[in-house]
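Student: model this:
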Amino acid sequence: MKLIRSSFFLFCLFSTYHLLSQPAETIVHDKKNWLTEDSHGFYNVTTFSTDFLEPPVLNGMQTICGYRLNHFIAIGGGIGLERYVGMSMYDSLTANLTLLPVFAEIRYTILNKNVSPVIALQGGYKFMINRSSTEVTTWKEDILPPYAYRIYDEYDYFYEGGFLFTVEAGVRAKLYHRLAIYFSADFSVWTVSGDYYKWTYEYLSAPGGQPKETTTHYTLPTMAYNQMLLVRLGIAF
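Tutor: This next block holds a predicted model:
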């Protein structure tokens, strides 16, 4: 028994000496957190956007989450909220739209440096949150003035979103570890759908008589095809 205790004591003493004689880095391990730089893992890009051609100044925001396969390639998905006031549609009529884009993306960081260009491709669907009517356009057509003429009224009513495709080019600049400021320009193509309404008022009268009015109207499905350039600023990690 005394031999066993002596052997155990010598073993502990030798182990302690061996550990103390090792370099510090072999026995101390850095603890990783979400800011620790790594070649793969979770990533997030959260930005606010502005459209210089249409009000308001800040028209939306979006957040993207995904997985980095390495320093350069990442895949993920995002969701956002956009508001357009007095937006010109394809037929020159204007509408107020509130949209919820949901999309997937592939993102490529060109350089493994503190400042790097970034490109991304995104595709998905923009859900329409509101139901929007455009302004009403009215014009007159003379047939036999002043006894015969027509007046036309038309407007669009949008109630359904559509598919979107976006090409993004940006710059990522590190602030602290993997936390970075992100600036980009997005060019996107997307659609909204609804109905097109048109009224025709036809007036016909004899000289000295009262005009007689005939009214006709019709409704057709319509789709507005939009092209949009947005500038974004936010953070990435």
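Student: From now on I want contacts and neighbour counts done on CA atoms only, so please keep to that.
Tutor: Fine.
Student: Measure how buried Q210 is and give me the count.
Tutor: For Q210, the neighbour count with other Cα atoms under 10 Å is 11.
Student: Can you give me the separation between it and L204?
Tutor: Distance, Q210 to L204, by Cα to Cα, to the nearest Å: 9 Å.
Student: just K140 next, same as before
Tutor: 14 Å.
Student: Give the intersection of the neighbour lists for those two.
Tutor: Contact with both K140 and L204 is made by residues Y149, according to Cα atoms under 8 Å, 6 or more residues apart in numbering.
Student: more crowded one of these two?
Tutor: Between K140 and L204, counting by other Cα under 10 Å, L204 is the more crowded of the two (18 against 13).
Student: quick one, what contacts that one?
Tutor: 147-149, 211-213.
Student: do M128 as well
Tutor: 97-100, 159-161, 192.
Student: Out of those residues, the closest to T134 would be?
Tutor: Nearest to T134 among the contacts of M128 is L97, at 9.9 Å by Cα to Cα.
Student: I'd guessed that closest one sits against S132; true?
Tutor: Yes: contact criterion Cα atoms under 8 Å: L97 and S132 qualify, at 6.4 Å.
Student: Neighbour count: the two, which is higher?
Tutor: Regarding L97 and S132, a neighbour count based on other Cα under 10 Å identifies L97 as having more, with 22 against 18.
Student: Kindly state the pLDDT recorded for that one?
Tutor: We note a pLDDT of 92 for L97 in this prediction.
Student: bridging residues for it?
Tutor: Y84 (DSSP bridges).
Student: next one: the one 10 residues further on
Tutor: In this entry, R107 is beta-bridged to A74, A120, by DSSP bridges.
Student: Pretty sure it sits against T166.
Tutor: No: R107 is beyond contact range of T166, at 11.8 Å (criterion: Cα under 8 Å).
Student: Need the overlap of contacts for those two.
Tutor: L121.
Student: quick one: low-confidence parts of this structure?
Tutor: Low-confidence segments of the chain (pLDDT under 70): 1-37, 53-56, 90-92.
Student: Kindly tell me how buried H177 is, as a neighbour count.
Tutor: 13.
Student: Report the contact partners of G162.
Tutor: G162 neighbours (Cα under 8 Å, 6+ apart): 125-127, 190-193.
Student: hmm, try it at 7 Å
Tutor: By Cα atoms under 7 Å, 6 or more residues apart in numbering, the contact list for G162 reads 125-127, 190-192.
Student: Could you do T94 as well?
Tutor: 86-88, 134-135.
Student: Now with 6 Å, please.
Tutor: Listed by Cα atoms under 6 Å, 6 or more residues apart in numbering, the contact partners of T94 are 86-88, 134.
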